[in-house]
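*Asks:* sequence and predicted model, in that order:
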Amino acid sequence: MTLTPIMDRDALNRFLETDFPQIHTDGKVFDVTDVGPGTVVMRLAPNERHLRPGGTVSGPTLFALADVAAYCVVLAHIGPVALAVTTNLNINFLRRPEPGPLTCTCRLLKLGKRLAVIEASIFGADGEDLVAHATATYSIPPR
């Protein structure tokens, strides 16, 4: 399955800023860094609000990163459809991420007319340790 993105990194970041500004309430922490055929890479620069006791990035923050990045990989390939919504997201927390930037690589496994299935891999600050893995399904509204 070869998928050609129709939104680039700048277009996705602009879309998030204009149509989904609430994700930047505490400052801009989500940033799309790369878009490719069937893929999107997003960086999260956590602030104090994203940490939990014990010196780690919280589970809800990892979940949000997987969800927002999955949303972006869908939009990158269908265009700016604000009403695409998560219908399912399963996440496995694999390692305790150290406080610091995280990277989420999302890959479209299936892009249909009504549903998209995505795989999300979240890596710690070193870029090598897989700290969480998720699969998501998004519902795509009819055109």
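*Replies:* That came in fine, so what should we check first?
*Asks:* give the residue farthest from the middle of the protein.
*Replies:* Gly54 (24.6 Å; Cα atoms, centre = their mean).
*Asks:* name the nearest residue to that one, ignoring sequence neighbours.
*Replies:* Spatial nearest neighbour of Gly54, excluding adjacent residues (Cβ to Cβ, 6 or more residues apart in numbering): Arg96 at 7.7 Å. Placement of C-beta: from N, CA and C, glycine included.
*Asks:* isn't that neighbour right next to Thr56, touching?
*Replies:* Yes: the pair Arg96 / Thr56 is scored as a contact, 4.8 Å apart, by Cβ atoms under 8 Å.
*Asks:* for this structure, what spans make up the helices?
*Replies:* Using DSSP state H, the helices found in the chain span residues 9-19, 59-78.
*Asks:* more neighbours: Arg96 and Thr56, which one.
*Replies:* Applying other Cβ atoms under 10 Å to Arg96 and Thr56 shows that Thr56 carries more neighbours, namely 18 against 13.
*Asks:* thought the more buried one was touching Arg95?
*Replies:* No: counting by Cβ under 8 Å, Thr56 stays clear of Arg95, with 9.5 Å between them.
*Asks:* which one of the helices of the chain lies nearest to Thr2?
*Replies:* Ranking these by proximity to Thr2 (Cβ to Cβ) places helix 59-78 first, at 11.1 Å.
*Asks:* now do that closest one: distance to the chain's middle.
*Replies:* Put simply, helix 59-78 sits 2 Å off its chain's centre (Cα atoms, centre = their mean, to the nearest Å).
*Asks:* 40 is where my numbering starts, stick with that
*Replies:* Okay, residue one is now 40; in that scheme the one you just asked about reads as helix 98-117.
*Asks:* and that helix, C-alpha only, in PDB?
*Replies:* Output of helix 98-117 as PDB, limited to C-alpha atoms (Å, rounded to 0.1, in the frame of the first residue of the first chain):
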ATOM      1  CA  GLY A  98       0.600   7.700  31.000                       C
ATOM      2  CA  PRO A  99      -2.100  10.100  30.000                       C
ATOM      3  CA  THR A 100       0.500  12.200  28.200                       C
ATOM      4  CA  LEU A 101       1.800   9.200  26.300                       C
ATOM      5  CA  PHE A 102      -1.800   8.300  25.300                       C
ATOM      6  CA  ALA A 103      -2.400  11.900  24.100                       C
ATOM      7  CA  LEU A 104       0.700  11.900  22.100                       C
ATOM      8  CA  ALA A 105      -0.300   8.600  20.400                       C
ATOM      9  CA  ASP A 106      -3.800  10.000  19.700                       C
ATOM     10  CA  VAL A 107      -2.800  13.400  18.300                       C
ATOM     11  CA  ALA A 108      -0.100  11.800  16.100                       C
ATOM     12  CA  ALA A 109      -2.600   9.200  14.800                       C
ATOM     13  CA  TYR A 110      -5.000  12.100  14.000                       C
ATOM     14  CA  CYS A 111      -2.200  13.800  12.100                       C
ATOM     15  CA  VAL A 112      -1.200  10.800  10.000                       C
ATOM     16  CA  VAL A 113      -4.900  10.400   9.000                       C
ATOM     17  CA  LEU A 114      -5.200  14.100   8.100                       C
ATOM     18  CA  ALA A 115      -1.900  14.100   6.300                       C
ATOM     19  CA  HIS A 116      -3.400  11.600   3.900                       C
ATOM     20  CA  ILE A 117      -7.100  12.700   3.600                       C
END
